[in-house]
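Peer 1: okay, sequence plus prediction incoming.
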Amino acid sequence: DGGITQSPKYLFRKEGQNVTLSCEQNLNHDAMYWYRQDPGQGLRLIYYSQIVNDFQKGDIAEGYSVSREKKESFPLTVTSAQKNPTAFYLCASSIASGRRETQYFGPGTRLLVL
Amino acid sequence: AQSVAQPEDQVNVAEGNPLTVKCTYSVSGNPYLFWYVQYPNRGLQFLLKYITGDNLVKGSYGFEAEFNKSQTSFHLKKPSALVSDSALYFCAVRDMVSNTGKLIFGQGTTLQVKP
């Protein structure tokens, strides 16, 4: 987990509410990723960013949005359009987006719906 | 389609015995393979990866993995299990088709090591 922080650890969302999950890294990594983890399904890619001011949709981007205004920060917003947001959200980063590079993960944020 | 399969939902071993967690993959071309471990309510910790070269890869905490191209497998092994090895283990392969850089994960295998 070292070098990548996620906050909060737990987040509660009400109906119709947008919530933002924070991800910060001090590893000087160019690439950052957001994954969603559901029980028994492994992890699925939501969004990724290969460099500052650029980001792309992953496999399950609907109902989510991101920004990458700073190299060290990649916040994820879960919008009201995401109808099933309850999951464990993991942020990852790698020194570059090349295929040989290892992705390192933060400690995660668990999102629950009230 | 690219995929990773971990055929066992749970593996049970006694402390001190060798352990194996199985992984098979399907990708285009030469695979880049990874193993991660996850403790409850924590993020994923990187254990080891295979990129090229020696088929036996050594990683953190005494774990190793054997790449077998003919069987498209990348099984995780440890000669002597510890109770503290009990956790959820994920095998992953790099997506070789899209330009996302994403990892394709298996569904995970829970390792239970009993004293």
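Peer 2: Perfect, I can see it now. Numbering: from 1, shown residues only, chains lettered A, B, ... in the order given.
Peer 1: which SSE is immediately downstream of the host helix or strand of B:K77?
Peer 2: Applying DSSP states H and E as the criterion places B:K77 in strand B:73-78. Tracing the chain past strand B:73-78, the next element assigned as helix or strand by DSSP H and E is strand B:87-94.
Peer 1: and whichever helix or strand comes after that next one, what's buried?
Peer 2: Later in the chain than strand B:87-94, the nearest helix or strand by DSSP H and E is strand B:103-105. Along strand B:103-105, the positions that meet the burial threshold by neighbour count (16 or more other C-beta atoms under 10 Å in any protein chain shown) are B:L103, B:I104, B:F105. Every C-beta, even on glycine, is put in place using the N, C-alpha and C of the backbone.
Peer 1: what average pLDDT does strand B:103-105 get?
Peer 2: Averaged over strand B:103-105, pLDDT sits at 93.
Peer 1: can you name every helix or strand that it contacts?
Peer 2: strand A:43-51, strand B:3-5, strand B:87-94 (3 or more C-beta pairs under 8 Å, 6 or more residues apart in numbering or on different chains; DSSP states H and E).
Peer 1: once you drop chain neighbours, what's closest to A:F74?
Peer 2: A:M32 (4.1 Å; C-beta to C-beta, 6 or more residues apart in numbering or on different chains).
Peer 1: chain A: strands as residue ranges?
Peer 2: Counting by DSSP state E, chain A forms strands over residues A:4-7, A:10-13, A:19-25, A:31-37, A:43-51, A:54-57, A:64-66, A:76-78, A:87-94, A:104-105, A:109-113, given from the N-terminal end onward.
Peer 1: which residues does the fifth one contact?
Peer 2: Outside of strand A:43-51, the residues within contact range by C-beta atoms under 8 Å, 6 or more residues apart in numbering or on different chains are A:30-38, A:55-61, A:64, A:66, A:68, A:74, A:76, A:89-90, A:96-97, B:44, B:90, B:100-103, B:105.
Peer 1: enumerate every residue touching the residue in chain B that chain A sits nearest to.
Peer 2: Across chain B, no residue is closer to chain A than B:F105, which sits at 3.6 Å (C-beta to the nearest C-beta). For B:F105, the contact set (C-beta under 8 Å, 6+ apart) comprises A:G42, A:L43, A:R44, B:V4, B:F90, B:C91, B:A92.
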